[in-house]
Structure formats: structure tokens, C-alpha cells
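>>> Let's see this in three dimensions:
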Amino acid sequence: MEMERRRDFKGENNANANANAMPSEDVTVDWRGRPSNAVSHGGMRAAAFVLGLQAFEIMAIAAVGNNLITYLINEMHFSLSKSANIVTNFVGTVFLLALVGGFLSDSYLGSFWTMLIFGFVELSGFILLSVQAHVPQLKPPQCNMLESDGNECVEAKGLKALIFFVALYLVALGSGCVKPNMIAHGADQFSPQSPTQSKTLSTYFNAAYLAFSIGELIALTLLVWIQTHSGMDVGFGVSAAVMALGLISLVAGIFYYRNKPPQGPIFTPILQVFVAALLKRKQVCPSNPHMLHGSQTSNDKVGLSSHSANLIPTQKFRFLNKACIKNQDEAAKESPWRLCTPNQVEQVKILVSVVPIFACTIVFNTILAQLQTFSVQQGSLMNTQLTKSFHIPPASLQSIPYIMLIIIVPLYDTFFVPFARKFTGHTSGISPLKRIGFGLFLSAFSMVSAAIMEKKRRDSAVNLNQTISIFWITPQFLIFGLSEMFTAVGLIEFFYNQSIKGMQAFLTAMTYCSYSFGFYLSSLLVSMVNKITSSSSNGGWLHDNNLNKDRLDLFYWLLAALSFLNFLNYLFWSKWFDEHPSVSQKPQHNDNPHHGEDYHIYNFNSSKNNVDDYVP
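Alright, predicted model coming up:
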């Protein structure tokens, strides 16, 4: 016991020494709260348990989401329009609640406990859905909505509707809060100070997308088949069982995790910068940025990290530098709401700088929404026969990209990344910004392919009375699947690497909000297109709800043009981001290859200390 106590004490001393010698950005602890070590904690072994949770969680919720509208119409007897709105609101809520999960994780709970707590919340939602689907008394009386045209069917109301929505939004709350923390906690297992682990971090992001693809594929095929043939009660029950397996995988890795402690309220230091800059808006910044408060440090002052000397205020968003102007009265003690450090200001600049990059992915996710709606409708009007006795379900078309990605992602990481690394010197082969850009460029061609195919399908149906094979629709799914591999993974890696200590989960959650905004923009575009084009003699492009009468091909061409314009917009902002870095000198280690456009990690913790501790 004595030797163990000495060993623990020695480990704590070494951790403290390292914290003083290195920036405090990589301080992690084990499950007992003791400093972690590279031998026993972290690495791909620990991340593998998180990947297990990610595959099982997406499997569980995708199986519910993809067949939810069928349950709403056939079992709960909601109308088609109301059912569609319920599904849309459910999906949007899941992604918006990711911000809540990121905030709670970074501020109070930490990634592991946030995933564990809200994982059980999600599990309880699946169980409640399964119970309601199984017990006849908790549902409206059985009725065939198609045969009766819905006139004689009783819609779920009162307690029955309440139970359903409570269950559904327990799933939404749990999934939303779990999603960003899976990515962040898995990435936390790799130390950015280690050249080897910084390379493995790139592999992890690709592996995370591979786990996502596997989960989606199984959900779209096996689990949906179970729901169709065994009933929704069994289907929801299988989702609950799969989610339980995910939580078991998470808990099984508890002894191997590197856990980043929560930092306290993450928005307070950000608000302090804006408030201080606003209060001192009439003051004039000195021409020499070194004269601003906290821009110089002396050997006897402690508080900033070892990189603090480099964190002089830059000219980017120069108005925020006024938050660092100190009053002439040296005796006056200014509060953190009136006087901030350059460390705080530069971190806020980073946050503001990444917003345009995030915004450029919204149109990309609008295209994703079309592939999950109109493209499925296209498939339903095509020849789905594969053999004499087997027909391809149109909804299964969404599995095409994931089948391809399960093959391509390992090849990309195994062959392309090492090959590109020799030329670029970047640990990810190509930088996340370039990866996002290439994905956005490909997304335009996915809509071009969809427009050409729809024109061919419509002409064959209307003019020749022929039904073409469903295989004609596969190119648009394949191109978009490849586009998503570049854009989605690049965006997550970019945000995680740009993020400030204590905000990894929250900024990762922002990438999920792009999905939500993309789906909302999709609904807005459809409404606008119908309104604008309905004045023509032929009616609106999407007015008749009949693709043989509508002009879905023209709508796809519009999306292709928007996607290309969005790509050009992205080129501008990515170039602006490169040419106007958020700091005057980016932190580098002699042996750390993670240098360049996408590596900024700074600590908000300095804002918690008394600002007068940093007076030169």
C-alpha cells in the first residue's frame, strides 16, 4: 500500500510538473480522477470502445427514424402531413440538442458521464416506445388508413399521444446529447503532443465515420426488415437492445479512458470579451499590441500557458482588442467583465472565425435531405425488380452510399492518407479544410447526376410509357456518399482541431447543427420553389405531388447551381481563414507534425484567474 501510495504521489507530481512545463491543454485523468498515463490510458484501444457505442447508437436510432413515418400512419393514425412534420421535428430536435450535450459535457459533466447518463435516457425512450407498440390499450384501435382513407381511423390523442411523444423525445434528448460526445471523447484518447498519436487521430476520425456507416447500413437493412416482418414493437425492442449493447461497450472501456475534466461554464469567458470590448468601445487601441494588458509576461508571474507570450492581440476582429485596454489608473482593480487577457480575446476570435466554415455546409446537408425524400420517391416509380421474386425497396436506396463507404473508407485511410502525407506533410494526408472543399465540390455533381437521371426517367415514363431500372438512380447516391466521406469527416476533424480546451464537445456539436439547418432549408426551398414557379402556365415544379407531372429535374438543377455557388463561397472563406490566422504565431512542438492551418488549441482557464495577475 505504501509503495502504491508513493507511486500515485509520484504520478501526481509528474503530472503537475508536466502541466507547468507544457501547456495545460492536455491534462487528463483516469476514472478515479488521478492523472492518466500514456501506457495504460488512451490510444486506439480506448477509442475502440467509443466506436462500439457509436455504431450501436446510430444503428438503434436510424432504425427508428427511417421507419417512424410508417408507425405514425399505420399505428398512431396521424395524417400524412402531420406524420411528416413529426419526423422532421424529431430529426431537427436530435441535432439541435447536440448543443446541449456539448455544453453540459464541457462545463459540468465531462464526456464520459454525459454519454452514460443520456445514453440511459435514450434507452428508456426506446423501451417506452416498444411497450406502447406492444400494448393495444396504449394505442388507438386498429384500422387500415388506406382502405378507409383515414376517415374512420381514430387518431392517437390524450394519454396515448402523451406517452408516444414523451418516449420519442426521450430518444431525441438522449441521442442529441450523446452524439457530439462520442466523437469528442474518442478523439480525447489521442494526445496532440505525441507525433504518433496525432497521426492516429486522423485514423480515428475515419474509423468513426466507418462505424457510423456500418451502423446505418445494418439499420437500413436488417433492423428495418425486422420491423417490417415482426412488427414495430419488436423493432423498437431491438433498438433498445442494440442501445444497451452500446452502453455496455462504453462502460467496458472505463479503465482505459483519458478523461478531460469539465472546465466550468464555457460561455462566461466569451461573454466577458464582448462585454469588455463594448464598454471600452470609445477607447483607442495602442499602435503597439505589446502595450495591451497581459501581452507580456515576466518570469515571476504564473497563469498563462507556455505559449502565452505568442498570444499577442492580432489585427483580425481588431475591435475585440479593446477588451485588453487597461485603465490608466494603475490602482484600480478592474473586474474580468471590464478587462480581459489576450488569451481570452484570441480564443473568441477563433470561435468567430470558424462560423463561416460551418455555414458553408448547410447547403450540403440540404442536398442530403433531397436524397432521403425525393430520390426515394424517384425509386418508387422505377423498375425495382432485381430477380423474378425479389424487388428492391426504394427506401433501401439510402444504403447504397454506406455499402460503398464501408469499402472506401479503409482504403482511403490505408493507402491514400500515407501517400498524400509524403507530399503534403499533413498528418491527415490533406488538411481538413481541403477535404471539406473537395466534398462540397463533389456534392454539386451528385445533383447534376440526379437531374440528368430524372429527365431520362420522366421522358421514358411520359413519352415512351416505359419504366427504367432503379439502377439508374445509383450514381447520385454513390457520388454523394463519396462527397459525404470528405465533407463530414473533414468538418468534424477541423472543428475538433480548432477547438479551444474545454470546448471540444460543444464545437463538435455545432457540426451536427448543420444537419438540422440543412433539413430546415430544404423545406424552405421546396416551399419557395413552389410559390415562385406556380405562376407559370404549367404550375409549380413540385406542385402536383406526381413526379411524372412535376419538374423535379429542374429543382435538382437549381440545387446543383446552389451547391456550386456554395463551393465558391467556401473557397473565399477558407482562403480568408488561412490568410488571417487567429494568432500571431501558432503553437508548435519540434516533433509535432500537427502544424498548419488547422491546429489551434488554447485554454479558456486563464480567464478564471484574476486578470491583474497578468499585469506586466
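>>> how about low-confidence regions in the stretch 501-616 of the chain?
Applying pLDDT under 70 to the stretch 501-616 of the chain flags the ranges 501-502, 535-539, 544-545, 579-616.
>>> what about residue 356, how many neighbours?
Residue 356 has 15 neighbours, counted by other C-beta atoms under 10 Å. Any C-beta I mention is one placed from the backbone N, CA and C, and that applies to glycine too.
>>> Quick check: phi and psi on it?
phi -60, psi -40 (degrees, to the nearest 10).
>>> gap between the closest residue in space to it that isn't next to it in sequence and residue 154?
Nearest non-adjacent residue to residue 356, counting by C-beta to C-beta, 6 or more residues apart in numbering: residue 573, 4.0 Å away. From residue 573 across to residue 154, the span is 52 Å (C-beta to C-beta, to the nearest Å).
>>> So these two - more neighbours on which side?
Set residue 573 next to residue 154 and count neighbours by other C-beta under 10 Å: residue 573 wins out with 18 against 12.
>>> which stretches of the stretch 301-450 of the chain have low pLDDT?
Those would be 301-314, 328-332, 393-395, if you go by pLDDT under 70 across the stretch 301-450 of the chain.
>>> OK, contacts around the residue nearest to residue 356?
356, 357, 360 (C-beta atoms under 8 Å, 6 or more residues apart in numbering).
>>> again, only this time at 10 Å
Residues near residue 573 by C-beta atoms under 10 Å, 6 or more residues apart in numbering: 353, 354, 355, 356, 357, 358, 359, 360, 433.
>>> Please name every helix or strand in contact with the helix or strand encompassing residue 180.
Secondary structure from DSSP states H and E places residue 180 in helix 158-187. Judged by 3 or more C-beta pairs under 10 Å, 6 or more residues apart in numbering; DSSP states H and E, helix 158-187 is in contact with helix 43-74, helix 80-96, helix 98-104, helix 111-134, helix 195-218, helix 232-252, helix 474-498, helix 504-533.
>>> Please tell me the pLDDT value assigned to residue 111.
You'll see residue 111 listed with a pLDDT of 90.
>>> Hmm, it is touching residue 509, no?
No. Under the criterion of C-beta atoms under 10 Å, residue 111 makes no contact with residue 509, lying 11.4 Å away.
>>> Now for those two: what residues contact both?
By C-beta under 10 Å, 6+ apart, the residues touching both residue 111 and residue 509 are 101, 102, 105, 180, 181, 183, 184.
>>> Could you single out the nearest of these to residue 133?
Comparing the shared contacts of residue 111 and residue 509 against residue 133 with C-beta to C-beta places residue 101 closest, at 26.8 Å.
>>> number of nearby residues for the closest one?
By other C-beta under 10 Å, the burial measure for residue 101, its neighbour count, is 31.
>>> Check whether it really touches residue 510, as I assumed.
No. Residue 101 sits out of contact with residue 510 when judged by C-beta under 10 Å, with a separation of 11.7 Å.
>>> Need the overlap of contacts for these two.
With C-beta under 10 Å, 6+ apart as the test, residue 101 and residue 510 both reach residue 180.
>>> Tell me how far the residue nearest to residue 327 when sequence neighbours are not counted lies from residue 280.
Residue nearest to residue 327 in three dimensions, not counting chain neighbours: residue 334, with 6.3 Å by C-beta to C-beta, 6+ apart. Per C-beta to C-beta, residue 334 is found 10 Å from residue 280.
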